[in-house]
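Undergrad: predicted structure and sequence below. I'll ask about it afterward.
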Amino acid sequence: MQVLVIGRGGREHAIVWALRKSPEITKLYCAPGNGGIAELAECVPIGELDFDKIAAFALERNIDLVFVAPDDPLSAGLVDYLEERGIKAYGPRANAAIIEGSKVFTKELMRKYNIPTAAYESFESFEPALAYLQQQRLPIVIKADGLAAGKGVIVARSWEEAEKALRDIMVDKVFGESGNAVVIEEFLQGQEMSLLAFVDGETVRPMVPSQDHKPVFDNDEGPNTGGMGTYSPVPHIPQAIVDEAIETIVKPAARAMVAEGRKFSGILYAGLMITAQGPKTIEFNARFGDPETQVLLPRLETPLLDIVLATMNGTLADLDIKWSEQAAVCVIAASGGYPGAYKKGLPIEGLGDVRDALVFHAGTAVAEDGRIVTNGGRVLGITGLGRDIREARERAYAEADKIRFEGKHYRTDIAMKALK
């Protein structure tokens, strides 16, 4: 069969890498792809939101399956668009992808169905939001309602920071229309955990847990990013807590979406905080996480294609999904200045020297001379595998040190919480 993956980041590189293991796939495409994906699949210069071009390409090449990976095209309805034209697509339709596309919708869903989350209020205008904000305790969390490339959530630790965040979102529109509404919610304390699941309606097949590192600097300092590294498993969070999260958050969310007439089919991502009162929901996403995918798929033993096809033909509940006992640690090598302004087009050296880790390209391109160059804020994800977190971590950092480009920086404490 012929498969087209939509996306250009590290998540999509990991998905392409996993799909390549299935001999049923005779041809693999990626639109638009990146420098690393080009080594595994044929990249086609079509943007993720060019729906008409994606559909035309799929029909022209007799594509059997389109795997829609990123949040933007899912929320914008690419799956619906393709299905209307007789093209099979994996991922939630737009009316289900709203669980990520609107934080206001999702908070109200959780309130209605008693899914544990932080206390909150939502607003559509600045003045009432500011008045409410001034009555709350610090720190406080301010979220733009819509998609914002992982940067629309601000944890404010001072009133000046809080008011600036609110003004940036609602008045200055730094996130565009995503800031037409905001959610202001209590700051939750505890351990974060990412719990993803393969979902088809009320069928929920949880993945192994992982933990992301959002702030750009060591010790969780600095502004939030799309993710600076992750690891799996999360040994310091007991299985009983993971099971509680599955039963009180993930499964109820899937059932709630069905009850609302918004059946979810695809990857449901629950971003959780393990508090003293138990697991609570920070957010839901409608797709694989980035960089969680870069540690989850290397641990997945069941072919990803088998899971996708089972989801689409209604047999997900019957599929035996197996996971490796190995640990995985992913370290993100970022461009100088990220998450602020950064240069592009800088040559990357040392990729050929990596022998003991997987390298997933996130923000790279192929230059005219054939060299791989930087093309984004998060450039590479280096994933080490090992018998435990310590061994996987050592391999990830040892191999990350072999890669060089101007301004490269990364956190040095990825997975240290698991070792403490």
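TA: Structure received. Numbers count the residues shown, from 1 in each chain.
Undergrad: quick one: contacts for the residue nearest to the spatial centre of the chain?
TA: Centrality entry for the chain: nearest residue to the mean C-alpha point is Gly289, 1.9 Å, by C-alpha atoms, centre = their mean. Contact partners of Gly289, counting by C-beta atoms under 8 Å, 6 or more residues apart in numbering, are 11, 194, 196, 210, 212, 227, 230, 269. (Glycine included, C-beta is placed from N, CA and C.)
Undergrad: can you check Pro339 too?
TA: 151, 216, 223-226, 377.
Undergrad: the nearest residue to it once chain neighbours are set aside: neighbour count?
TA: Of all residues not flanking Pro339 in the chain, Thr225 sits nearest, at 4.7 Å (C-beta to C-beta, 6 or more residues apart in numbering). Neighbourhood size, Thr225 [other C-beta atoms under 10 Å]: 23.
Undergrad: can you start the count at 534 instead of 1 from here on
TA: Fine by me, first position is 534 from now on; the one you just mentioned is Thr758.
Undergrad: correct me, but Thr758 touches Asp745?
TA: No. Using C-beta atoms under 8 Å as the test, Thr758 is too far from Asp745 to be in contact (9.8 Å).
Undergrad: quick one on the thing from earlier: can I get the contacts of Gly822 in JSON lines with secondary structure and distance to Pro578?
TA: Below are the contacts of Gly822 laid out as JSON lines (DSSP: H, G, I helix; E, B strand; the rest coil; distance: C-beta to C-beta, whole Å):
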{"residue": "Arg544", "secondary structure": "helix", "distance to Pro578": "19"}
{"residue": "Ser727", "secondary structure": "strand", "distance to Pro578": "32"}
{"residue": "Leu729", "secondary structure": "strand", "distance to Pro578": "30"}
{"residue": "Ser743", "secondary structure": "strand", "distance to Pro578": "32"}
{"residue": "Asp745", "secondary structure": "strand", "distance to Pro578": "30"}
{"residue": "Gly760", "secondary structure": "coil", "distance to Pro578": "26"}
{"residue": "Thr763", "secondary structure": "strand", "distance to Pro578": "30"}
{"residue": "Tyr802", "secondary structure": "strand", "distance to Pro578": "28"}
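Undergrad: which of these has the most neighbours?
TA: Going by other C-beta under 10 Å, Thr763 tops these with 28 neighbours.
Undergrad: buried only: go through the contacts of Pro872 for me.
TA: Among these, those classed as buried by 16 or more other C-beta atoms under 10 Å are 749, 757-759, 910.
Undergrad: out of those residues, which sit inside strands?
TA: Among the buried ones among the contacts of Pro872, DSSP state E puts 749, 757 in strands.
Undergrad: tell me the one of the buried ones among the contacts of Pro872 nearest Gln667?
TA: Asn757 (23.2 Å; C-beta to C-beta).
Undergrad: just give the nearest non-adjacent residue to Ser868, would you?
TA: Ser868 sits nearest to Tyr875 (C-beta to C-beta, 6+ apart), 3.7 Å away.
Undergrad: regarding that neighbour, what is its secondary structure?
TA: Under DSSP: H, G, I helix; E, B strand; the rest coil, the three-state class of Tyr875 is coil.
Undergrad: distance from the chain centre to the helix or strand bottoming out on mean pLDDT in the chain, please.
TA: Using mean pLDDT, DSSP states H and E, strand 754-757 stands out as the lowest-scoring helix or strand of the chain, at a mean of 89. Centroid separation between strand 754-757 and its chain, computed with C-alpha atoms, centre = their mean, to the nearest Å, is 18 Å.
Undergrad: what lines up beside it in the sheet?
TA: Strand 754-757 pairs in its sheet with strand 748-750 (antiparallel), by DSSP bridges.
Undergrad: before we move on, back to that, which of the contacts of Pro872 has the weakest pLDDT?
TA: Across the set of the contacts of Pro872, Lys684 stands lowest in pLDDT, at 77.
Undergrad: if I pick it, what's in contact with it?
TA: 708, 756-759, 872.
Undergrad: adding distance to Lys784, write the residues you listed out as JSON lines.
TA: As requested, the contacts of Lys684 are arranged in JSON lines below (distance: C-beta to C-beta, whole Å):
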{"residue": "Phe708", "distance to Lys784": "31"}
{"residue": "Pro756", "distance to Lys784": "34"}
{"residue": "Asn757", "distance to Lys784": "28"}
{"residue": "Thr758", "distance to Lys784": "30"}
{"residue": "Gly759", "distance to Lys784": "27"}
{"residue": "Pro872", "distance to Lys784": "34"}
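Undergrad: widest-spaced pair of the residues you listed?
TA: For the contacts of Lys684, and using C-beta to C-beta, no pair is farther apart than Phe708 and Thr758, which are 15.1 Å apart.
Undergrad: once you drop chain neighbours, what's closest to Asn757?
TA: Nearest non-adjacent residue to Asn757 (C-beta to C-beta, 6+ apart): Lys747, at 4.6 Å.
Undergrad: likewise for Ala895?
TA: Residue nearest to Ala895 in three dimensions, not counting chain neighbours: Gly543, with 3.5 Å by C-beta to C-beta, 6+ apart.
Undergrad: which stretches in this protein count as helices?
TA: Under the criterion DSSP state H, the chain contains helices at 543-552, 584-593, 604-609, 611-617, 627-634, 636-645, 659-666, 692-703, 772-778, 784-792, 826-829, 837-846, 922-933, 949-952.
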